[in-house]
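Peer 1: quick one, what's the 3D model for this:
(one chain, ligands or ions: 2)
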Amino acid sequence: MVRSVKLNSGSSLPILGMGTVALSESQQQVKDALLTAIQVGYRHFDTAMLYGTEGALGDALVEAFSTGLVKREEIFVTTKLWITDNHPAAVLPALRTSLCKLKLDYVDLYLIHWPIAAKDCIMTVPTKDQILPHVDLKGVWAELEHCVEKGLIKSIGVSNFSSKKLESLLSYAKIPPAVNQVEMHPCWQQKQLREYCKNKGIQITAYSPLTSPAPEAEVYFNQRIAVLKDPIILAIAEQHAKSPAQIALRWIIETGCIPVPKSFNKSHMSENLEIFDWELTDEDRQKISTIPQVRGTCGEFMVNEATGPYRTLQELWDDDGDSVAS
Ligand SMILES: NC(=O)C1=CN([C@@H]2O[C@H](COP(=O)(O)OP(=O)(O)OC[C@H]3O[C@@H](n4cnc5c(N)ncnc54)[C@H](OP(=O)(O)O)[C@@H]3O)[C@@H](O)[C@H]2O)C=CC1
Ligand SMILES: O=C[C@H](O)[C@@H](O)[C@@H](O)[C@H](O)C(=O)O
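Peer 2: Ligands and ions are numbered 1, 2, ... in the order given. Have a look, this model is predicted:
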């Protein structure tokens, strides 16, 4: 059983989750894989309207509940408000659509996917002309708080937010964000943001924890970054007789962050779960701290040089991180 941490909302979040970005798998394959994930022990699932996997996750959950494999209260489901719905009036309808696909009465965690609003890019990243110059995060957050009061969401949070954007959110939030989901792995360690979130009681969940190695992921992830091929990670893996994926995931857990690796392959799923009964050494951690830092999700899709709201990558990320984006 994967241990959980208590969020500032009072909910318990298992410290390893399952990602659900499906780059080549059919809905049936996703459903079957997610059912297998529940069977091998996953209890925390990360989806989003953008991924098109809420329906398959819902189907897997219906089957898992009806066969008695797990109960609703044993499962933690995260989904995300896409940028086309990042307006106060669109929050409740978007949440209801996600709940309908998930076949759930409530989600455990609902995240603002990106700190931008856009039009016409329902299931894709935006083109420059689709990015709207303003985003009403204050109004959106108030709507999310109403959805918590209505019992439709247990915890609310954000994704791809810098410490500066979190600081602004905290200035008006009645319910503070429980989670900030960001890219995080040994090649992009997020030291500054981790420190900030720890001080504010915000849990970081780590996306693309294996640096998204599938070639099809090149549409959103810089394929020159490869934690599974990093010489320092490979050497540590050999010393511990573990896989490079296990070293990367173990390192994330030891920082207090929660990785959500995606795998629809049963042996990878099990391998990724076997990270709880051994530790890295101080020497391993020191070596990992020397790995060159490069962002994989650059965020260039979310920047509009002419209109904003972020005219540069620096305005999007506010200089959080350990190196320049590449
Ligand atoms: N909030 C946001 O903006 C974002 C959130 N996310 C979330 O984070 C999740 C994880 O990130 P993602 O980008 O999918 O990439 P990951 O870093 O999780 O990598 C997934 C890839 O790694 C492979 N893999 C998994 N386990 C192993 C292993 N033990 N050994 C070798 N290969 C392995 C998988 O293949 P296989 O299936 O064959 O095992 C898959 O191709 C997403 O699915 C999504 O839920 C991701 C990006 C952005
Ligand atoms: O930078 C843009 C990326 O494509 C982005 O839209 C995705 O990485 C998305 O956030 C996700 O959750 O998978």
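Peer 1: how about the strands in the protein?
Peer 2: Along the chain, the stretches classed as strands by DSSP state E are 4-6, 12-14, 18-19, 44-46, 76-81, 107-112, 153-159, 179-183, 203-207, 258-259.
Peer 1: got these as CSV, with distance to ligand 2 columns?
Peer 2: Every residue, glycine included, has its C-beta placed from N, CA and C. Converted to CSV, the strands of the chain look like this (distance: least, C-beta to the nearest ligand atom, whole Å):
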stretch, distance to ligand 2
strand 4-6, 22
strand 12-14, 18
strand 18-19, 9
strand 44-46, 9
strand 76-81, 7
strand 107-112, 10
strand 153-159, 7
strand 179-183, 8
strand 203-207, 7
strand 258-259, 14
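Peer 1: what's the closest of these to residue 119?
Peer 2: Judged by C-beta to C-beta, the one of the strands of the chain that comes nearest to residue 119 is strand 76-81, at 14.7 Å.
Peer 1: what are the ranges of the helices in the stretch 201-326 of the chain?
Peer 2: 231-240, 244-254, 266-273, 282-288, 313-317 (DSSP state H, counting those that start in this stretch).
Peer 1: pick the most buried one from those.
Peer 2: Highest mean neighbour count among those (mean count of other C-beta atoms under 10 Å): helix 244-254, with a mean of 23.
Peer 1: and it with ligand 1, contact?
Peer 2: Yes. Using C-beta under 6 Å from any ligand atom, helix 244-254 reaches ligand 1 at residue 245.
Peer 1: mind listing residues that contact that helix?
Peer 2: Outside helix 244-254, the residues within contact range by C-beta atoms under 8 Å, 6 or more residues apart in numbering are 15-16, 184-186, 206, 209-211, 227-230, 233-234, 236-237, 240, 242, 258-259, 261, 268, 271-272, 274-276, 278-280, 284-285, 288.
Peer 1: over to stretch 79-97?
Peer 2: 47-50, 54, 98, 102, 107, 109-114, 116-123, 126, 135-137, 139-140, 142-144, 146-147, 152-153, 159, 302.
Peer 1: what about it, distance to the chain center?
Peer 2: Centre-to-centre, stretch 79-97 and its host chain are 17 Å apart (C-alpha atoms, centre = their mean, to the nearest Å).
Peer 1: closest one to ligand 2 among the helices of the stretch 201-326 of the chain?
Peer 2: Minimum separation from ligand 2 across the helices of the stretch 201-326 of the chain (C-beta to the nearest ligand atom) falls at helix 313-317, 9.6 Å.
Peer 1: hmm, back to that, turn the strands of the chain into CSV, including mean neighbour count.
Peer 2: Shown next, in CSV, are these (neighbours: other C-beta atoms under 10 Å):
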stretch, mean neighbour count
strand 4-6, 13
strand 12-14, 19
strand 18-19, 24
strand 44-46, 26
strand 76-81, 26
strand 107-112, 26
strand 153-159, 23
strand 179-183, 26
strand 203-207, 24
strand 258-259, 26
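Peer 1: minimum distance to ligand 1: which of those has it?
Peer 2: strand 18-19 (2.4 Å).
Peer 1: counting by contacts, list what that closest one packs against.
Peer 2: Packing contacts for strand 18-19, counted by 3 or more C-beta pairs under 8 Å, 6 or more residues apart in numbering; DSSP states H and E, involve strand 44-46.
Peer 1: ok, residues contacting the strand it packs on?
Peer 2: 2, 13-14, 16-20, 34, 37, 57, 75-78, 181, 205, 207, 258, 260.
Peer 1: near ligand 1, which residues of the stretch 1-150 of the chain?
Peer 2: So the stretch 1-150 of the chain meets ligand 1 at 19, 20, 21, 46 (C-beta under 6 Å from any ligand atom).
Peer 1: which parts of the stretch 201-326 of the chain sit against ligand 2?
Peer 2: 220, 297, 299, 301, 302.
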